[in-house]
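[1] Sequence plus predicted model, see below.
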Amino acid sequence: MHPAVRIVLVEPAGALNVGAIARVMKNFACRELVLVQPRCDWQGDEARRLAVHAADILTTACMAPDLTTALAGCVRVIATLGRTPPGEPLKAVLPWFLHDMAPVALVFGPEDRGLTWAELQLAHRQVTIPTHPDYPSLNLAQAVGICLYEIYQFSQTHVAPPPPQPPAPVDALEDYLADLENWLLEIGYLYPHTRARRMAKIRHLLHRAAPSAEELALLRGMIRQGRWAIQAKP
């Protein structure tokens, strides 16, 4: 199993689901669990009963106030989607996702609504598990289990050389995008009522480009120089 796969659950509501997820994580040698604003007692008796011999994963799991915080340090992020609109097949995304040993994250939304548009913007790729149209809805723990099985199988049979430079972590990219958005508002390129959609397009461009930390620092330097040049004008 890739040692740096992080499972992120956004607002999980079922303690039994969280316990079952901890168990299947241990089945496939995945240890890092982060919960964003959980709506259940994820370390209580119900969760531990379903975790069986994986209670240690619940004990070491982290709680995050928002998805950006939960993804800190990750260089590639996959979000899971329902069938409408469908995402990519997970198998097709895994060569990119597990390209090296850098930290990566797999994000699952709440049981009752899935991920919001804003949450999906933080992911580089989106995947959907194909199911029969007569009953397409998967239980959260089942979805996590299927994804981890595919990741485990892939990691057992594929070894890829590391890239020259890993991409910048998601939190560093989000800091840059916040700085860029403020600057583009300052110079009048963005308008408050349209900035969300325009920034989403810029975010998608950067996700495809996968800039390294060094390249991101170069881009941030351009913003600083642009601000200085405007202020230095007589």
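    Ah, there it is. Numbers count the residues shown, from 1 in each chain.

[2] tell me the domain ranges of the chain?
    Per the record, the chain has its domains at 5-157, 170-232, by automatic domain parsing.

[3] most packed of those domains?
    With neighbours defined as mean count of other Cβ atoms under 10 Å, those peak in mean count at domain 5-157, which reaches a mean of 18. Heads up, the C-betas are built off the backbone N, CA and C, glycines and all.

[4] now do the same end-to-end measure for it.
    17 Å (Cα to Cα, to the nearest Å).

[5] Can you list the helices and strands that the helix or strand bottoming out on mean pLDDT in the chain packs against?
    Least confident helix or strand, the chain: helix 213-232 with a mean of 90, by mean pLDDT, DSSP states H and E. For helix 213-232, the packing partners by 3 or more Cβ pairs under 8 Å, 6 or more residues apart in numbering; DSSP states H and E come out as helix 170-186.

[6] what is the rounded mean pLDDT of the helix it packs on?
    Across helix 170-186, the average pLDDT comes to 93.

[7] so what secondary structure elements neighbour that helix?
    Checking 3+ Cβ pairs under 8 Å, 6+ apart, helix 170-186 ends up next to helix 67-70, helix 195-209, helix 213-232.

[8] Figure out which of the ones you listed is closest to residue 103.
    helix 67-70 (11.9 Å; Cβ to Cβ).

[9] tell me the mean pLDDT over that closest one?
    96.

[10] ok, now stretch 195-209?
    For stretch 195-209, the per-residue pLDDT averages 92.

[11] next one: stretch 7-22
    Per-residue scores along stretch 7-22 average to 96.

[12] Check the separation of the first and last residues in that stretch.
    Termini of stretch 7-22 sit 10 Å apart (Cα to Cα).

[13] And the residue of the chain positioned farthest from its centre, what's its pLDDT?
    Within the chain, residue 234 marks the point farthest from the mean C-alpha position, 45.2 Å out by Cα atoms, centre = their mean. We have a pLDDT of 70 for residue 234.

[14] This completes my enquiry, with thanks.
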